[in-house]
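Visitor: Got a predicted structure here, sequence first:
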Amino acid sequence: MAFKKHYLLFILFLFQKIILGQSWVQISDFPNTERDDGISFVIGNKAFCGTGVKTGFVACNDMYSFDLNTETWETINSLPSGMERQYAQGFSFNEYGFVFGGINGNTFFNDLWMYNPVDNNWQSKTPLPDEARMGVSSFVINDTAYIIGGRTSTALSISEMWAYCISADTWTFKGNLPFGERWRASAVSDNVKGYLIFGNDASEINRKELYEFNPLSNSWTQIGNFPGHGRVYSSLSYMNGNLIVVAGLDSIGNSYNDMWQFNLITLAWQQLASIPATERRGGMSFNSSSTLYYSAGINQANTRLKETWKVNNPTSIPNNDLNARITIYPNPAVNQITIDFETSEINIDTIILRNAVGQIFKAYDTKIITKGVIQYDVSNLQGGFYYLTLQSYNQNIIRKIIINR
């Protein structure tokens, strides 16, 4: 009995540690002036943050390192004088970090700077051989950085994609995005494929589609839709087979402090723990293999921030096995899809079937679905990929459906 009691107490202790590890914790502030629209990149066990704009719309060129082991900040060399900017883009490869583009006042940049942490110096690299731009997004696959979209002095949003070969210091135009223009979208890679979500299009609408990029075929595929409003100024991270979205600004001016997870295997969205503080956007986000950090930004009242928050193991937050208790078959389907709810009671508000570009073909509204099945007639749909979304109060489950013809 004593052994069983101690064992149960040990299990309870572990459970509490897991839950506490999945909550946001405030740590040391960003070490200088409050700001938003800065950049970040990670080299080894250190993250590097800086630039951005502070109160009075003053652009910055200062840079800082954050030790992911000790969680302490240090000052490093700034970008050269005259290189102050906001809306730049940061990325890294092996032992080097990079800062591309941005804007200072009415001056747009197309330059590229490389940081070497060994000698703590910045080196000018080959600039983009095209119009200067700011608010781009980027990801790195192998030794190539992909620079996507942005805004120029002549266009509010563009759809160009350029590839910068880091080892050769050369640029290649990769064509235009097939889904249109994107400014201040969020992007990340798993070093095999790239992912892009959100961003402002040519009509100044914040988008919500999630796309996957295959560098081998130079092609994009839509793999999901964010369950909330479209956004800009959000962070997107890759952790343990999941994409993690934090904060942002929607089309009607609402900022957020929420966190969402998209599982790249199940294609399911899940809402995770929110930052327990004011809503925000435009912060600097970075992560280790197990911890996600979010620093600085600007809140709903347009007050710039310098707080730094962290959350441990965000992708391990349980979802009450909701995804596991729903089975959809057959897949591929021909005439009918069956949704089997393997539980006595499950809270689902809406079930929606969309095609690959987001058009809704069939919606089923409910508040509580009891144990049983729902059958969808798909005999009148063309063959191809579709997405079935099951919306609950705190989680969206999205499954890819193939219809054969």
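Guide: That came through, no problem. Numbering: from 1, shown residues only.
Visitor: hey, let's count contacts and neighbours off CA atoms from now on
Guide: Will do.
Visitor: list the buried ones in stretch 156-167?
Guide: Burial within stretch 156-167, assessed by neighbour count using 16 or more other Cα atoms under 10 Å, is assigned to 156-166.
Visitor: meant to ask about stretch 213-221, not that
Guide: Quick answer for stretch 213-221 (16+ other Cα under 10 Å): 213, 220.
Visitor: same deal with stretch 91-105?
Guide: 91-93, 96-104.
Visitor: Closest to T126 out of those residues?
Guide: The closest of the buried residues of stretch 91-105 to T126 turns out to be F100 (Cα to Cα; 10.5 Å).
Visitor: Show the contacting residues for Y211.
Guide: 195-197, 220-224 (Cα atoms under 8 Å, 6 or more residues apart in numbering).
Visitor: What score does the residue nearest to E95 when sequence neighbours are not counted have for pLDDT?
Guide: Leaving aside its sequence neighbours, E95 sits nearest to I43 (Cα to Cα, 6 or more residues apart in numbering; 5.9 Å). At I43, the pLDDT value in this model is 98.
Visitor: Report the beta-bridge partners for I43.
Guide: Here I43 sits in beta bridges with K46, going by DSSP bridges.
Visitor: Hmm, G97 and it touching each other?
Guide: Yes: if you go by Cα atoms under 8 Å, I43 and G97 touch, sitting 7.0 Å apart.
Visitor: Check which helix or strand the residue most central in space within the chain maps to.
Guide: Nearest to the mean C-alpha position of the chain, by Cα atoms, centre = their mean, lies L236 at 1.6 Å. In this assignment (DSSP states H and E), L236 forms part of strand 235-239.
Visitor: picking up where we left off before, next up, the contacts around the residue nearest to E95.
Guide: 92-97.
Visitor: Equivalent analysis for Y294, please.
Guide: 283-286, 308-310.
Visitor: Let me see the confidence value for the closest residue to A187 other than its chain neighbours.
Guide: Sequence neighbours aside, L196 is the residue nearest to A187 in space, at 4.3 Å (criterion: Cα to Cα, 6+ apart). For L196, the model assigns a pLDDT of 98.
Visitor: For L196, pull up the helix or strand it's in.
Guide: Using DSSP H and E, L196 falls in strand 194-197.
Visitor: How far does the following helix or strand past that strand sit from its chain's centre?
Guide: Next in sequence after strand 194-197, counting helices and strands by DSSP H and E, comes strand 209-214. Chain-centre distance of strand 209-214: 12 Å, with Cα atoms, centre = their mean, to the nearest Å.
Visitor: mind listing what strand 209-214 pairs with, with the direction of each?
Guide: For strand 209-214, the paired strands and their directions (DSSP bridges) are strand 194-197 (antiparallel), strand 219-225 (antiparallel).
Visitor: Go through those strands and pick out the most buried.
Guide: strand 194-197 (a mean of 24; mean count of other Cα atoms under 10 Å).
Visitor: what about the strands in the stretch 1-150 of the chain?
Guide: 24-27, 39-43, 46-50, 53-54, 58-59, 63-67, 73-76, 89-93, 96-104, 107-116, 121-125, 137-141, 144-148 (DSSP state E, counting those that start in this stretch).
Visitor: Same list (those) but as JSON lines, adding distance to W171.
Guide: What follows is those, written out as JSON lines (distance: least, Cα to Cα, whole Å):
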{"stretch": "strand 24-27", "distance to W171": "39"}
{"stretch": "strand 39-43", "distance to W171": "21"}
{"stretch": "strand 46-50", "distance to W171": "24"}
{"stretch": "strand 53-54", "distance to W171": "28"}
{"stretch": "strand 58-59", "distance to W171": "27"}
{"stretch": "strand 63-67", "distance to W171": "26"}
{"stretch": "strand 73-76", "distance to W171": "28"}
{"stretch": "strand 89-93", "distance to W171": "16"}
{"stretch": "strand 96-104", "distance to W171": "13"}
{"stretch": "strand 107-116", "distance to W171": "11"}
{"stretch": "strand 121-125", "distance to W171": "11"}
{"stretch": "strand 137-141", "distance to W171": "14"}
{"stretch": "strand 144-148", "distance to W171": "9"}
